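Chemist: model the structure of this input:
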Amino acid sequence: MRVLHLNSPAKVGWVLAQAQRRLGVEATVVLTHSSHWHHYYDVDLSSYDTSTLSGKYGVGRELLGLVQSCDLLHYHGAPISRGYRDLLIWAVGLGKLVFLHHHGSEVREQQYPWLASRLSRHRFVSTPDLLSWVPAAEWIPNPVLLEQLPRTAPPANERPLLVHAPTDREVKNTEAVLTAVAELRQRGIDFDFRVVENCTYHETIAELQQADIVVDWVNPRFGIYGVLSIEAMALGRPVVCTLNPGLYEKSELPVISASPAKLAGVLQRLIASPESRKRIGVAGRLFVLKHHNPDQVALRVLRAYREWA
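Modeler: Predicted structure coming up:
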């Protein structure tokens with residue numbers, strides 16, 4: 001089976017493709033944008049200026065050739081009504097299977113495009129909240145590069161270090177994190193705090209390795225944990241997010257849930273308890289190995305492919 005992954009939000013397409021290759025699948029990852037954020041892809045088309053007619057023609061020609069050479073198109077990201085609608089119509093016209101994989105704001109709180117349902121054989125979502133917005137979808141937990149995320153001993157920081165690494169401050173509610181940090185300072189709590197932004201993947205992982213506590217999504221509107229949370233747990237770091245309990249009630253998820261209003265109190269207790277941080281970090285690593293292992297995720301995706309092939 002020849003699978004073409006179109007784009008790779010949070011490297012999910014790449015991690016999945018590597019695991020699929022280990023299962024004997026011929027998987028290729030092509031990026032059409034944002035290649036500067038990471039170097040995990042096989043084909044880079046991001047240099048085309050698609051604001052020009054010649055750029056659109058160039059990237060379209062390249063993509064058509066790639067689709068012609070695959071058996072299945074695994075498309076990550078925007079709904080096709082606002083993305084590569086013509087490309088997916090070509091894929092279906094060429095007899096290729098189309099699987100859509102949604103990762104967040106491109107579908108959240110929006111009417112799902114009718115054409116996307118008609119053209120795709122199956123739909124995946126990367127977080128369980130998206131099941132409300134994508135019809136007949138399957139939640140596939142995000143896989144991560146475990147070989148690059150070894151569990152390490154807690155850092156020997158003189159003061160506990162809190163790290164927050166937002167790709168979008170509004171989405172992750174960084175303002176609530178800054179408010180909680182200011183409240184802790186007023187209480188006289190002794191700790192360090194770092195906001196990590198505009199870094200490469202490897203730079204971000206290096207910052208997470210230095211953390212004692214990682215604060216990720218603190219936004220009740222979403223109520224989820226994301227790829228950065230998974231990577232931090234894989235490293236053995238306790239993670240704090242605002243979780244919707246209805247999304248994870250059947251899971252042993254060790255992410256510490258805290259509303260924005262209670263975030264300062266939760267962080268204060270963690271800062272004061274190295275043993276709790278260590279225990280939660282160990283549980284997080286085990287959770288990732290069980291639920292976000294790329295080989296296990298790839299098997300689930302492959303089963304879906306075969307059901308529709």
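
Chemist: got a list of what residue 29 touches?
Modeler: If you count contacts by C-beta atoms under 8 Å, 6 or more residues apart in numbering, residue 29 has them with 5, 8, 13, 14, 17, 40, 41, 42, 43. No exception for glycine: its C-beta is placed from N, CA and C like everyone else's.

Chemist: which of those residues are buried?
Modeler: Buried members of those, scored by 16 or more other C-beta atoms under 10 Å, are 5, 8, 13, 14, 17, 40, 41, 43.

Chemist: tell me where the model's unsure across the chain.
Modeler: 34-38, 79-84 (pLDDT under 70).

Chemist: that one: strands as residue ranges?
Modeler: Taking DSSP state E, the strands of the chain run over residues 2-6, 26-31, 43-44, 72-76, 97-102, 122-125, 137-139, 161-164, 192-195, 213-215, 239-241, 256-257.

Chemist: next one: stretch 48-66 to chain centre, how far?
Modeler: 27 Å (C-alpha atoms, centre = their mean, to the nearest Å).

Chemist: cool, stretch 221-241 as well?
Modeler: Chain-centre distance of stretch 221-241: 10 Å, with C-alpha atoms, centre = their mean.

Chemist: nearest residue to residue 213 in space, please, no chain neighbours.
Modeler: Once flanking residues are discounted, residue 213 sits nearest to residue 162: 4.9 Å by C-beta to C-beta, 6 or more residues apart in numbering.

Chemist: and for the one you found, the neighbour number?
Modeler: Residues within reach of residue 162, counting by other C-beta atoms under 10 Å, total 23.

Chemist: any idea what it is bridged to?
Modeler: residue 193, residue 213 (DSSP bridges).

Chemist: point to the residue nearest the middle of this protein.
Modeler: Nearest to the mean C-alpha position of the chain, counting by C-alpha atoms, centre = their mean, stands residue 227 at 3.8 Å.

Chemist: picking up where we left off before, could I get the strands of the chain as JSON lines with distance to residue 186?
Modeler: Conversion of the strands of the chain to JSON lines gives the following (distance: least, C-beta to C-beta, whole Å):
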{"stretch": "strand 2-6", "distance to residue 186": "48"}
{"stretch": "strand 26-31", "distance to residue 186": "45"}
{"stretch": "strand 43-44", "distance to residue 186": "48"}
{"stretch": "strand 72-76", "distance to residue 186": "43"}
{"stretch": "strand 97-102", "distance to residue 186": "41"}
{"stretch": "strand 122-125", "distance to residue 186": "40"}
{"stretch": "strand 137-139", "distance to residue 186": "40"}
{"stretch": "strand 161-164", "distance to residue 186": "15"}
{"stretch": "strand 192-195", "distance to residue 186": "13"}
{"stretch": "strand 213-215", "distance to residue 186": "18"}
{"stretch": "strand 239-241", "distance to residue 186": "19"}
{"stretch": "strand 256-257", "distance to residue 186": "22"}
